[in-house]
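> output the structure for:
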Amino acid sequence: MNADSTKFEGCLLGLAIGDALGMPFEGMRTSTIKSMLGGKAGEFMPCRDRGLRAGQWTDDTKMALKLAESIARKNGKVDPADIARAYVEWYDSGDLRGIGRATLEAILNLKSGKPWNESGKRGEFAAGNGSAMRCAPIGLLNCGRPEKMKEDCRLDAVVTHNNDEAVAGSRAVCFFIARGVTQSDLLEAKPELVSECIEYIGPCEVSRALERARKLLIEGAPAEAAVYALGTSGYVVETVASAVFCFLKTPESFETTVVEAVMGGGDTDTTAAVAGAISGAWNGLWGIPRRWVEQVEGSAEIRRVANELFKLA
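Numbers count the residues shown, from 1 in each chain. Have a look, this model is predicted:
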């Protein structure tokens with residue numbers, strides 16, 4: 001394994017930074033965000049409607065940290081029963097910051113006594129991005145164990161999103177994260193990597209959307225047009241394809257990647273969180289603008305968690 005701890009830090013900080021950068025604009029159109037900013041996103045902003053200050057993040061980062069906490073508590077094991085308890089603990093804290101409908105339903109099921117393998121929402125409306133947004137710790141933990149990563153993604157996802165596309169979305173995100181922390185050269189971050197990811201996760205809607213993203217990358221499509229075409233809703237198929245496009249469009253620039261993800265509108269915090277986690281895994285801590293590392297909520301704690309995962313990996 002060629003990974004180093006600064007790439008683990010970059011991944012989790014990248015997730016939190018993308019989340020915090022997109023947080024004030026969730027649900028807005030690109031045109032609205034542009035009119036508010038007079039240009040592109042570039043600095044953290046508060047969201048008074050949600051009671052969040054500049055640099056604070058949402059449920060995306062909260063759940064990722066709870067997942068990492070469970071993994072550490074179980075000494076490197078992805079234990080869905082313990083993960084379920086961690087998510088219930090988060091819910092009971094009251095600091096929810098935008099909990100998704102499927103996740104809320106699953107946690108209420110857990111609180112009513114349902115086991116982890118029966119708690120997750122099923123059916124087409126369970127194909128949300130709630131597991132893809134939080135799965136980064138699994139990609140880090142299993143960066144040298146791709147088959148175990150597949151199963152661990154499933155075990156975490158089904159707790160809240162018992163849906164094949166949700167599982168595939170987590171696997172795709174973790175594929176890019178695992179490759180990022182073990183690659184030493186950003187030249188490997190190219191459209192052909194999408195084909196490897198598709199082979200890894202198998203035929204599904206996530207794969208078909210990733211193939212569309214690959215074609216748009218080869219055609220040189222501008223980020224704004226491509227992300228609009230791929231979609232930015234809470235549907236995991238759209239989130240993963242748009243986040244991967246934003247990263248592979250500018251793999252050497254963490255800042256450009258997360259800003260373009262935010263400017264796509266829609267589920268801005270989650271698209272940018274996923275794109276940020278992937279870009280952070282490839283670029284590492286030192287590839288992230290220092291101002292964001294210093295200003296994002298809980299920076300030191302996130303770095304500590306990342307280093308604990310590094311030791312476990």
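> what does stretch 24-31 rub up against?
Under the criterion C-beta atoms under 8 Å, 6 or more residues apart in numbering, residues 32-33, 36, 41, 45-47, 52, 58, 98, 224, 228, 262-269 lie in contact with stretch 24-31. Every residue, glycine included, has its C-beta placed from N, CA and C.
> actually, stretch 59-72.
Outside stretch 59-72, the residues within contact range by C-beta under 8 Å, 6+ apart are 12, 15-16, 19-20, 77-79, 82-83, 85-87, 89-90, 95-100, 103, 130, 133-138, 141, 156, 269-270, 273, 302, 305, 308-309, 312.
> just the buried positions in stretch 291-300, please.
By neighbour count on 16 or more other C-beta atoms under 10 Å, the buried set for stretch 291-300 is 292-293, 296-299.
> tell me how far it is from the chain's mean position?
From the chain centre to the centre of stretch 291-300 is a distance of 18 Å (C-alpha atoms, centre = their mean, to the nearest Å).
> output that stretch as CSV, restricted to C-alpha atoms.
What follows is stretch 291-300, C-alpha atoms only, in CSV (Å, rounded to 0.1, in the frame of the first residue of the first chain):
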residue,chain,number,x,y,z
ARG,A,291,-7.7,28.7,4.5
TRP,A,292,-10.3,25.9,4.1
VAL,A,293,-8.4,23.5,6.2
GLU,A,294,-8.1,26.1,9.0
GLN,A,295,-11.6,27.4,8.8
VAL,A,296,-13.7,24.2,8.4
GLU,A,297,-15.5,23.0,11.6
GLY,A,298,-13.7,20.4,13.6
SER,A,299,-10.5,20.4,11.5
ALA,A,300,-8.2,19.0,14.1
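> how close does residue 245 get to residue 10?
With distances taken as C-beta to C-beta, to the nearest Å, residue 245 is found 20 Å from residue 10.
> same thing with residue 148?
Distance, residue 148 to residue 10, using C-beta to C-beta: 22 Å.
> just the terminal-to-terminal distance for stretch 110-127.
For stretch 110-127, the first-to-last residue distance is 19 Å (C-alpha to C-alpha, to the nearest Å).
> repeat for stretch 103-117
One end of stretch 103-117 to the other measures 14 Å (C-alpha to C-alpha).
> ditto for stretch 139-151
11 Å.
> so what touches that stretch?
With contact meaning C-beta under 8 Å, 6+ apart, stretch 139-151 is reached by 1, 3, 8, 11-12, 71, 76, 78, 138, 152, 171, 173-178, 181-182, 200, 277, 281, 306, 309-310, 312-313.
> taking those one by one, which sit in helices?
Within the contacts of stretch 139-151, residues falling in helices by DSSP state H are 8, 11-12, 71, 138, 152, 171, 173-178, 181-182, 200, 277, 281, 306, 309-310, 312.
> please identify which helix or strand holds residue 252.
For residue 252, there is no helix or strand it lies in under DSSP states H and E.
> give me the pLDDT value at it.
At residue 252, the pLDDT value in this model is 97.
> then residue 259?
98.
> likewise for residue 2?
On the pLDDT scale, residue 2 gets 68.
> over to residue 93?
Reading off the confidence values, residue 93 has pLDDT 97.
> ok, residue 125 next?
On pLDDT, residue 125 comes in at 85.
> next: the one 4 residues further on.
Here, the pLDDT recorded for residue 129 equals 98.
> what does residue 187 give?
Residue 187 carries a pLDDT value of 88.
> please apply the same query to residue 105.
97.
> ditto for the one 10 residues further on
Per-residue pLDDT puts residue 115 at 98.
> also residue 184?
Value for residue 184, per-residue pLDDT: 87.
> regarding it, what is its secondary structure?
Here residue 184 is coil, with the state taken from DSSP: H, G, I helix; E, B strand; the rest coil.
> phi, psi for it please.
Main-chain dihedrals, residue 184, degrees, to the nearest 10: phi -100, psi -10.
> before we move on, what about residue 47?
Torsion angles at residue 47 (phi, psi; degrees, to the nearest 10) stand at phi -130, psi 100.
> same check, this time on residue 161
The phi/psi pair for residue 161 (degrees, to the nearest 10) is phi -130, psi 90.
> could you list everything it pairs with in the sheet?
With DSSP bridges as the criterion, residue 161 is bridged to residue 121.
> please verify my assumption that it contacts residue 128.
Yes: counting by C-beta atoms under 8 Å, residue 128 is a contact partner of residue 161 at 6.0 Å.
> dump the buried residues of stretch 291-300 to CSV, plus distance to residue 111, pLDDT and secondary structure.
Shown next, in CSV, are these (distance: C-beta to C-beta, whole Å; pLDDT from 0 to 100; DSSP: H, G, I helix; E, B strand; the rest coil):
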residue, distance to residue 111, pLDDT, secondary structure
292, 36, 98, helix
293, 36, 98, helix
296, 31, 98, coil
297, 27, 98, coil
298, 26, 98, coil
299, 32, 98, helix
